[in-house]
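Visitor: All I have is the shape, not the residue letters:
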Ligand SMILES: NC(=O)c1ccc[n+]([C@@H]2O[C@H](COP(=O)([O-])OP(=O)(O)OC[C@H]3O[C@@H](n4cnc5c(N)ncnc54)[C@H](OP(=O)(O)O)[C@@H]3O)[C@@H](O)[C@H]2O)c1
């Protein structure tokens, strides 16, 4: 297949390009050339997706079997590319997120759940940020009726993860010593590896698949305890995980999700975080590798320097607990519980 990827030089985009090349597809990557180098064996076209002239120059006289859009965040912008590409691509695969669904993270999601009421021409400030992906999906569906493949991933991990959630745990644990671990170690999670999403996207494109797919790992494919213990194992560090309960962490203003990445506390407003159903995608062939493999490969990728370092930012929020705060909270936990466990 001839594939156009909008993006392609960062985390999920890189996994998609790697998968495409493994399958022998021809890849054109369209990006500004600022986030990182384009992989070898890819036709790189530099331009800004918000620049209509650049998009028109890109498509002139060309046709792709599919476009894959990894970096659509504003409906108006996605509408521009979808409108222009409608006559130049047979299918449009759009990487959305759980955020397109109105009830997440309070409730688990599947494809039948209502989406936010964001229109396909919304600008960045027209609706709240999390609702924008729903408008982006509508913009693609509008220009590619029956030819739109919408992927709603859950929390994506894997080599080269750019947000820095799993990398922060790995690097913190690798330093050894005592590491604060949040809440219930048996809390079930649901993570998906970027490489499994990439494989699924190309499997669907190969059969001209369209429609929406919630793509997350199988429910309970790890727990907070298993994940962090696996980080200890792969790093080989002499680290003690110190499990502190949720009310204690809340009282110390330790922010779930950002300061302690991947930690969703037991609260109603985030009760659906790890409860998505990927039944439809699994039935359509989604296969998820064990989380242990993802942890090991992510650690290897961090050590090898094969990927740009994570930015440790989620939107504007820094990811990871400041070392001084970490030490202070641990000291308070020890003072409260003489055994320190
Ligand atoms: N991480 C998660 O847990 C998670 C969960 C659910 C969904 N998602 C979704 O997964 C996707 C992640 O994709 P990703 O990892 O490939 O990273 P990304 O940050 O979405 O995309 C970055 C790529 O897009 C290019 N790009 C950015 N702005 C551009 C512009 N104006 N014009 C042209 N190219 C542009 C970048 O290159 P240049 O900067 O060089 O232009 C880079 O190649 C996102 O859509 C995200 O919403 C992520």
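Guide: Structure received. From a predicted model like this one, the values you see are computed outputs, not experimental measurements.
Visitor: Can you give me the buried ones in stretch 127-141?
Guide: Residues 127, 130-141 are the ones in stretch 127-141 that count as buried (16 or more other CB atoms under 10 Å). C-beta: built from backbone N, CA, C; applies to glycine.
Visitor: What of stretch 314-329?
Guide: Under 16+ other CB under 10 Å, the buried positions of stretch 314-329 are 319-321, 326, 329.
Visitor: I'd assumed residue 35 was in a strand, is it?
Guide: No: assigned with DSSP: H, G, I helix; E, B strand; the rest coil, residue 35 falls outside any strand and is coil.
Visitor: Surely it and residue 10 touch.
Guide: Yes: the criterion here is CB atoms under 8 Å, and residue 35 meets it with residue 10 at 5.2 Å.
Visitor: Compare the two (neighbour count), which wins?
Guide: residue 10 (19 against 16; other CB atoms under 10 Å).
Visitor: Please report how far the spatially most central residue of the chain lies from the ligand.
Guide: Using CA atoms, centre = their mean, the residue of the chain that lies closest to the mean C-alpha position is residue 156, 3.5 Å off. According to CB to the nearest ligand atom, to the nearest Å, residue 156 and the ligand sit 4 Å apart.
Visitor: What residues does this structure have near the ligand?
Guide: Within the chain, the residues that sit near the ligand (CB under 6 Å from any ligand atom) are 6-13, 31-35, 48-50, 70-71, 95, 97, 153, 155-156, 162-163.
Visitor: Let's see which of these end up in strands.
Guide: 6, 31, 95, 153, 155-156 (DSSP state E).
Visitor: and which of those is nearest to residue 219?
Guide: residue 155 (12.9 Å; CB to CB).
Visitor: Just give the closest residue to that closest one, not the sequence neighbours.
Guide: The shortest distance from residue 155 to any non-neighbouring residue, by CB to CB, 6 or more residues apart in numbering, is to residue 191 (5.7 Å).
Visitor: and what of residue 273?
Guide: residue 264 (3.9 Å).
Visitor: Also residue 230?
Guide: residue 295 (4.6 Å).
Visitor: Is that neighbour in contact with residue 231, as I believe?
Guide: Yes: under the criterion of CB under 8 Å, residue 295 makes contact with residue 231 at 6.1 Å.
Visitor: Residue 18: what's it in contact with?
Guide: Residue 18 makes contact with 39, 195, 198, according to CB atoms under 8 Å, 6 or more residues apart in numbering.
Visitor: looking at it, the last one is touching residue 16, isn't it?
Guide: Yes: with contacts defined as CB under 8 Å, residue 198 counts as touching residue 16 at a distance of 4.7 Å.
Visitor: Looking only at neighbour counts, state which of those two leads.
Guide: For residue 198 versus residue 16, neighbours defined as other CB under 10 Å are more numerous around residue 16 (27 against 22).
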